[in-house]
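In: I need the structure of the sequence given here:
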Amino acid sequence: MYENALKKIINIYSELETKLLDEIVKHFNINEEFINSDYWRLEKLQELGLLNQNITKYIAEATKRTPEEIVQALEKIGKDTLNINNLNDAYKGGYLKIDPSTLVQKQIVQNLIEHSYYHITDRFLEISNKIEGATRKTYLDIVEKAYLQTSTGITYQNAIRQALLELGDKGITTLTYKTVDDEGNIVGIRNYDVEGTVRRELITATHNLTNEINKTVAEELDVEYLYLSEHVRCRPQHFPWQGTIIKREDLEKVTKLGQVDGMGGPNCKHYPTPYFGTARGKELKKISEEEATEQYELSQQQRYLERGVRKWKRKERIFKTADDKEYYQKCKDKVKEWQLRNKEFTENHNLRRDFTRENVERVTKVKNDGIIQKNNKILSLNECKGLIEKQNIKFWDNDLKQIDNKLLSENTQRLNELIEKYPTIQEYIKNKNVKFNALNLSNNTVAHVATDIDIKNIEISLSKSKYKDYNDFIKMEDNELAIKHCMDRSDKYKSTYTITHEFGHLIESSFIDEYNKNHLAEFHNMRTKALNAKTTTQSKNIIKNWESKITDNIAQEIYEIAKSNNSSFDLNKNLSQYGKENSFEFFAECFANAECGKPNELGKAMQQYLKKRGL
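Out: Numbers count the residues shown, from 1 in each chain. Prediction:
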């Protein structure tokens, strides 16, 4: 739910683990001189002093950076969870008897955040000590295992290779959890490396904070009903209650809140929120048990394949550091093999690849023009597909191969560039089913972004006929600019202005989605009306009117920013004809102007607005 807020902390420890592994492996060069096992063992034990110094230094660097990131993450989670706007709306609508402002006066949420902060920082001190001890133990284990093997006649190279292969399998084992049955028998053991430990601790702690805030808010405001969140990759034992409306006093009984196998347990993403609508029980439940079970099992298989990619990437790095060219190449081939297995699995089951789970070191963002402008290369269809699918977007190559290759290349790279520029949107689309395709659109439509009512499925579509010929497309875009149907832009964006406009719609959809989640009762009432409408046209109008209300307010805010920047601001002179059609197109046109090299007063106002929204 809040992985984007936690990403910086996880990256700190992913980077730390990589440094520690490199530090260990530096002491075991495959080509170093080996005199005899006793001499070698003594030499490696003496090197432990230098290793200890570097371990302490790297851990201290990570520990120093952690508290500030924890504070920022918890404050964002606390603010988003409280959702004061939704509570105020409920109070004004008569659904709440107690004014939500009392929560601020009593500093309810702030106190919970502080308590969570102290708990997490204490845990991280413990984890840092465990990492230090585990790194030292990992090094000594390699020394002792290699010593025993070389003492029995196994060659130094084979002994070191075996030890380093085991290191690649496990990483630096920091925590071990045992699974027990009802009778206390151990039925499973799970080892976590450094990043796995940190990810598990953070996700569990922040989900517990979310649950505690929602529970406390409901109690303080005497909320009668709670909505239990729903997601498709739900563990089977949680399915009966996810997506249901329950009485507040039944929360612990229904969900086993706080227990290992209940809501808030390890890796559980469910949470309760105050509910003010008229639905009860399972009336809002949208996911079937069959779908949830199937998707959960698929997710477990995907996690297995991702761990396989991570394992072989770690080995690849280890043997490169150890200067073992033979095994480095073998591991490199294995990485490709497991990546292909994961790619085929996700494609066959229509799943999104999560490349952050396949990495073994810190995920580094590509700078704005890092890939896009490099050599002005025209990408092949497969290169376009690879670039887009790295962003968790399904690339429909059978349709997209029908458009001009140069247009496809430039628009694919532009789309990738914008996603990289806006990490919040990059994180947002990970939780959606997003498709990039080409369709037979109506005569006047060059491209469009379409979503369903819940904004779970998003399609970014290019017109097959409009994108068929590069020169014709450029002429069309030049004409659109000449008649002021679109906003001003630099010539370098001739072929990509439209896809930039459509990316504006994608951002706009994320804002609508955020509003819906912050006003759940109203959204569910609208949703029910739309789904029960007699005709498709009536349903579409209900949804459009709801979303227009949201985008009208956004457009007004951007206009006010432009007006405050220049009291004599002229809307008609700054806005394109297309942008005047409605608030949806107003937003997309202002975004395109802001991103395409020649921002006018509206483009600059859009830049300020996006910054204000945290983008």
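In: how about the CA coordinates for the one helix or strand residue 572 maps to, as CSV?
Out: Per DSSP states H and E: residue 572 is located in helix 571-574. Extracted as CSV, the C-alpha positions of helix 571-574 are listed here (Å, rounded to 0.1, in the frame of the first residue of the first chain):
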residue,chain,number,x,y,z
LEU,A,571,-7.0,32.5,-20.4
ASN,A,572,-8.1,32.6,-24.0
LYS,A,573,-4.6,33.6,-25.3
ASN,A,574,-2.9,30.9,-23.3
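In: can you give me how far that helix is from the chain middle?
Out: With C-alpha atoms, centre = their mean, to the nearest Å as the basis, helix 571-574 stands 37 Å off its chain's centre.
In: before we move on, what about stretch 476-486?
Out: Worked out by C-alpha atoms, centre = their mean, stretch 476-486 lies 37 Å from the chain centre.
In: what of stretch 205-224?
Out: How far stretch 205-224 lies from its chain's middle: 24 Å, per C-alpha atoms, centre = their mean.
In: now swap in stretch 411-422 and tell me
Out: The chain centre lies 16 Å from the centre of stretch 411-422; the measure is C-alpha atoms, centre = their mean.
In: pull out the buried residues from that stretch.
Out: 411, 412, 413, 414, 415, 416, 417, 418, 419, 420, 421, 422 (16 or more other C-beta atoms under 10 Å). Glycine gets a C-beta too; all of them are placed from N, C-alpha and C.
In: then stretch 285-301?
Out: 285, 287, 292, 295, 296, 298, 299.
In: identify the residues contacting the fifth one.
Out: Residues in contact with residue 296 (C-beta atoms under 8 Å, 6 or more residues apart in numbering) are 233, 234, 235, 236.
In: will you turn these into a markdown table that also has pLDDT and neighbour count?
Out: Formatted as a markdown table, the contacts of residue 296 follow (pLDDT from 0 to 100; neighbours: other C-beta atoms under 10 Å):
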| residue | pLDDT | neighbour count |
| --- | --- | --- |
| 233 | 76 | 18 |
| 234 | 81 | 25 |
| 235 | 81 | 18 |
| 236 | 83 | 11 |
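In: what's the farthest-apart pair in the residues you listed?
Out: 233 and 236 (11.0 Å; C-beta to C-beta).
In: ok, residue 579 touching residue 586?
Out: Yes: judged on C-beta atoms under 8 Å, residue 579 makes contact with residue 586 at a distance of 4.8 Å.
In: okay, strands next: where are they in the stretch 251-400 of the chain?
Out: Assigned strands in the stretch 251-400 of the chain, in chain order: 272-275, 393-395 (criterion: DSSP state E, counting those that start in this stretch).
In: let's have the ones you listed in TSV, adding distance to residue 229, mean neighbour count and mean pLDDT.
Out: Below are the strands of the stretch 251-400 of the chain laid out as TSV (distance: least, C-beta to C-beta, whole Å; neighbours: other C-beta atoms under 10 Å; pLDDT from 0 to 100):
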stretch	distance to residue 229	mean neighbour count	mean pLDDT
strand 272-275	7	23	89
strand 393-395	25	22	91
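In: make JSON lines out of the ones you listed and add distance to residue 117.
Out: What follows is the strands of the stretch 251-400 of the chain, written out as JSON lines (distance: least, C-beta to C-beta, whole Å):
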{"stretch": "strand 272-275", "distance to residue 117": "22"}
{"stretch": "strand 393-395", "distance to residue 117": "36"}
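In: out of those strands, the one nearest residue 53 is which?
Out: Ranking the strands of the stretch 251-400 of the chain by proximity to residue 53 (C-beta to C-beta) places strand 393-395 first, at 45.4 Å.
In: contacts for that closest one next, please.
Out: Strand 393-395 is touched from outside by 350, 352, 384, 385, 388, 389, 429, 433, 434, 435, 436, 460, with contacts defined as C-beta under 8 Å, 6+ apart.
In: repeat that for stretch 492-503.
Out: 406-407, 410-411, 414-415, 418, 446-449, 460, 462, 470, 473-474, 477-478, 486, 489, 588-589, 591-592, 595-597.
In: just the buried residues of those.
Out: 407, 410-411, 414-415, 418, 446-449, 460, 462, 470, 473, 477, 486, 489, 588-589, 591-592, 595-596.
In: quick check: mean pLDDT of the helix or strand harbouring residue 246?
Out: Element membership for residue 246 (DSSP H and E) is strand 245-247. In this model, strand 245-247 has an average pLDDT of 93.
In: list the buried ones in it?
Out: By neighbour count on 16+ other C-beta under 10 Å, the buried set for strand 245-247 is 245, 246.
In: just the CA atoms of stretch 71-81, as CSV, please.
Out: C-alpha atoms of stretch 71-81 as CSV (Å, rounded to 0.1, in the frame of the first residue of the first chain):
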residue,chain,number,x,y,z
VAL,A,71,10.0,10.2,9.7
GLN,A,72,9.1,11.3,6.2
ALA,A,73,7.5,7.9,5.4
LEU,A,74,5.5,7.7,8.6
GLU,A,75,4.2,11.3,8.3
LYS,A,76,3.0,10.6,4.7
ILE,A,77,1.4,7.4,5.8
GLY,A,78,-0.3,9.1,8.7
LYS,A,79,-1.6,11.9,6.6
ASP,A,80,-2.9,9.6,3.9
THR,A,81,-4.5,7.2,6.4
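In: got the domain ranges for this structure?
Out: 3-223, 228-287, 289-357, 384-612 (automatic domain parsing).
In: distance from the third one to the middle of the chain?
Out: In terms of C-alpha atoms, centre = their mean, the centre of domain 289-357 is found 18 Å from the chain centre.
In: other residues contacting the strand holding residue 246?
Out: Contacts of strand 245-247 with the rest of the structure, by C-beta under 8 Å, 6+ apart, involve 224-228, 254, 275, 277, 279-281, 283-284.
In: mind listing the helices for the stretch 151-300 of the chain?
Out: With DSSP state H, counting those that start in this stretch, the ranges of helices along the stretch 151-300 of the chain come out as 156-170, 194-220, 251-255, 289-321.
In: among these, which is the most enclosed?
Out: Highest mean neighbour count of these: helix 194-220, a mean of 21 (counted as mean count of other C-beta atoms under 10 Å).
In: what's the angle between that helix and helix 289-321?
Out: Angle of helix 194-220 versus helix 289-321, following axes from the mean of the first three to the mean of the last three C-alpha atoms, to 10 degrees, is 140 degrees.
In: I'd like the average pLDDT over helix 194-220.
Out: In this model, helix 194-220 has a mean pLDDT of 87.
In: find out how far it is from the centre of the chain, if you would.
Out: Put simply, helix 194-220 sits 17 Å off its chain's centre (C-alpha atoms, centre = their mean).
In: contact partners for the residue nearest to residue 22 when sequence neighbours are not counted?
Out: Spatially, and ignoring its direct neighbours in sequence, residue 22 is nearest to residue 321 (5.6 Å; C-beta to C-beta, 6 or more residues apart in numbering). Applying C-beta under 8 Å, 6+ apart, we find residue 321 in contact with 21, 22, 25, 26.
In: of those residues, buried ones?
Out: Buried among the contacts of residue 321 by 16+ other C-beta under 10 Å: 21, 22, 25.
In: so for residue 184, what's the pLDDT?
Out: 65.
In: picking that back up, got JSON lines for the helices of the stretch 151-300 of the chain, with distance to residue 55 too?
Out: Compiled in JSON lines, the helices of the stretch 151-300 of the chain are given as follows (distance: least, C-beta to C-beta, whole Å):
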{"stretch": "helix 156-170", "distance to residue 55": "15"}
{"stretch": "helix 194-220", "distance to residue 55": "12"}
{"stretch": "helix 251-255", "distance to residue 55": "41"}
{"stretch": "helix 289-321", "distance to residue 55": "16"}
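In: quick one: closest of these to residue 119.
Out: helix 194-220 (6.7 Å).
In: elements contacting that closest one?
Out: Contact partners of helix 194-220 among helices and strands, from 3 or more C-beta pairs under 8 Å, 6 or more residues apart in numbering; DSSP states H and E: helix 3-25, helix 37-82, helix 101-105, helix 108-151, strand 272-275.
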